[in-house]
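>>> pasting the sequence and the predicted model now:
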Amino acid sequence: MRDLVLELLVGAALILVGLGVVYMFKGDRAAGFDLDLAYAIGALVISVPAIIVMERRRRRKL
């Protein structure tokens, strides 16, 4: 049950981040934007910097 709640919270956060990014570029038209695409954009916005940070930390340890 706890995993399901966490998954729902993360999904909602990714959608909100994605809609925020879309809103920066599309303005008021972001309200009618596809939530699946907003989820994907949010995942990219969060995961790409995280991957870069993890890779830098890994290289420093070597």
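Thanks, I have it.

>>> report the helix or strand with the lowest average pLDDT across this protein.
One helix or strand of the chain scores below all others by mean pLDDT, DSSP states H and E: helix 2-26, with a mean of 80.

>>> show me what whichever helix or strand comes after that one is packed against.
Note on helix 2-26: by DSSP states H and E, the next helix or strand toward the C-terminus is helix 35-61. Applying 3 or more Cβ pairs under 8 Å, 6 or more residues apart in numbering; DSSP states H and E, we find helix 35-61 packed against helix 2-26. No exception for glycine: its C-beta is placed from N, CA and C like everyone else's.

>>> got the contact list for the helix it packs on?
30, 33, 35, 37-43, 45-46 (Cβ atoms under 8 Å, 6 or more residues apart in numbering).

>>> among those, find the lowest-pLDDT one for me.
Taken together, those show their lowest pLDDT at A30, with 65.

>>> circling back: can you flag the buried ones in the contacts of helix 2-26?
30, 38-39, 41-43 (16 or more other Cβ atoms under 10 Å).

>>> make CSV from those and add distance to K61 to it.
Listed next are the buried ones among the contacts of helix 2-26 as CSV, based on distance: Cβ to Cβ, whole Å:
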residue, distance to K61
A30, 40
A38, 35
Y39, 33
I41, 31
G42, 29
A43, 26
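
>>> spatially nearest residue to G42, not counting backbone neighbours?
G18 (3.2 Å; Cβ to Cβ, 6 or more residues apart in numbering).

>>> burial count for the one you found?
Counted with other Cβ atoms under 10 Å, residues neighbouring G18 total 25.

>>> what's the answer for V48, then?
10.

>>> how about the residue sitting nearest the centre point of the chain, what does it touch?
Nearest to the mean C-alpha position of the chain, counting by Cα atoms, centre = their mean, stands G42 at 2.5 Å. Applying Cβ under 8 Å, 6+ apart, we find G42 in contact with 13-21.

>>> ok, and the most crowded of these?
G18 leads the contacts of G42 on contacts (other Cβ under 10 Å) with 25 neighbours.

>>> and it, how far from F33?
With the distance defined as Cβ to Cβ, to the nearest Å, G18 ends up 8 Å from F33.

>>> with R58 instead?
With Cβ to Cβ as the criterion, R58 and F33 are 35 Å apart.
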